[in-house]
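A.B. asks: From the sequence below, what's the structure:
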Amino acid sequence: MEPVPLSCLATSLLAVVGLTSPALGQSATTDLGVGVELVLAVDISRSIDPSEQMIQRRGYAAAFRSAEIQKAILFGDMKRIAVTYVEWAGAQSQNVAIPWMLIDSAEAANAFADLIETGSSGPVSRTSISGAIDFSSGLFDGNGFSGLRHVIDVSGDGPNNQGRAVTEARDAAVTRGITINGLPLLTGTGNNGGWSSIPDLDRYYVDCVIGGMGAFSIAVTGWDQFAMAVRHKLVLEIAGGQPLAQDRLVRVAGTAPSDCLVGERLWEERQRSWSE
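C.D. replies: Coordinates of the predicted model:
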């Protein structure tokens, strides 16, 4: 039997458990206050194969089922957050897999985890971090919530190679008061000799992708540590904290500033090699 698309399952379960936006008991013109409005923007570009996509979904699901995340939510600002799960690849490839949900209880966190873990996504070509940021920035408008903080959590295994410059998208989001945090994946072909390979993707994320008040990046250097890194990162984002300087999950290699157009240059080189 074919797997059910994640977005369809999200709509069905949201209707059952009543975790829609705006929240129950709120009028359509009153935004519900939450500690943070959080967009989880997850890379599903072709360099991340289906098994790795599943590792990502299971990692996020495990995080929301964890005692650490649930305590951070229930003992944090306003004791509730709003979160949505977005999958992205190329400049025209963004999808809200799970619409905005209110997380104000362990049951709601577990329901969100169930939605993340169920379903499947096919690989999509190209990598547009700028497209993911622009798309995610628009999701805060009219979503039924009023957060003390607006955060986009971007994961990805390669540099921007389509759409406008990633620094332009970052700066536009930061101007709106949005914080962009990074989860660079130093795990797959994009960082092990593929055409889109760049050294020090973690440095690229720090120099070119993240921005805003309290922005930080945590690198994942192996799929076996993905779940732990996601859990640690989400706790910090929910609590409004930052990793410690000595945190072993924070890795920024190299000292030279990144070329924030390196992905676009690699794509142009690939196109020229095809035409020769």
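A.B. asks: Name the next helix or strand downstream of the helix or strand containing residue 99, please.
C.D. replies: Using DSSP states H and E, residue 99 sits within strand 94-103. Sequence order places helix 106-117 as the next helix or strand after strand 94-103, per DSSP H and E.
A.B. asks: Provide the angle between the direction of that next one and the direction of strand 94-103.
C.D. replies: 170 degrees (axes from the mean of the first three to the mean of the last three CA atoms, to 10 degrees).
A.B. asks: so how far is helix 106-117 from its chain's centroid?
C.D. replies: Distance of helix 106-117 from the chain centroid (CA atoms, centre = their mean, to the nearest Å) equals 17 Å.
A.B. asks: what about that helix, average pLDDT?
C.D. replies: Average pLDDT, helix 106-117: 96.
A.B. asks: Which secondary structure elements does it sit against?
C.D. replies: Contact analysis of helix 106-117 by 3 or more CB pairs under 8 Å, 6 or more residues apart in numbering; DSSP states H and E lists helix 6-17, helix 50-65, helix 67-74, strand 81-88, strand 94-103 as its packing neighbours. Where C-beta positions appear, they are placed from N, C-alpha and C, glycine not excepted.
A.B. asks: Now do the next helix or strand after that helix: everything it contacts.
C.D. replies: Counting by DSSP H and E, the next helix or strand C-terminal to helix 106-117 is helix 129-138. Contacts made with helix 129-138 from outside it, assessed by CB atoms under 8 Å, 6 or more residues apart in numbering, are listed as 39, 41, 43, 86, 88, 90-94, 152, 154, 156, 159-160, 162-166, 168-170, 172-173, 176, 178, 180, 209.
A.B. asks: same deal with stretch 61-74?
C.D. replies: Residues contacting stretch 61-74 (CB under 8 Å, 6+ apart): 35, 79-81, 103-106, 109-110, 112-114, 116-117, 227, 230-231, 234-235, 238-239.
A.B. asks: Any idea how far apart the tips of that stretch sit?
C.D. replies: From its first residue to its last, stretch 61-74 covers 17 Å (CA to CA, to the nearest Å).
A.B. asks: cool, and stretch 114-125?
C.D. replies: First residue to last in stretch 114-125 (CA to CA) measures 27 Å.
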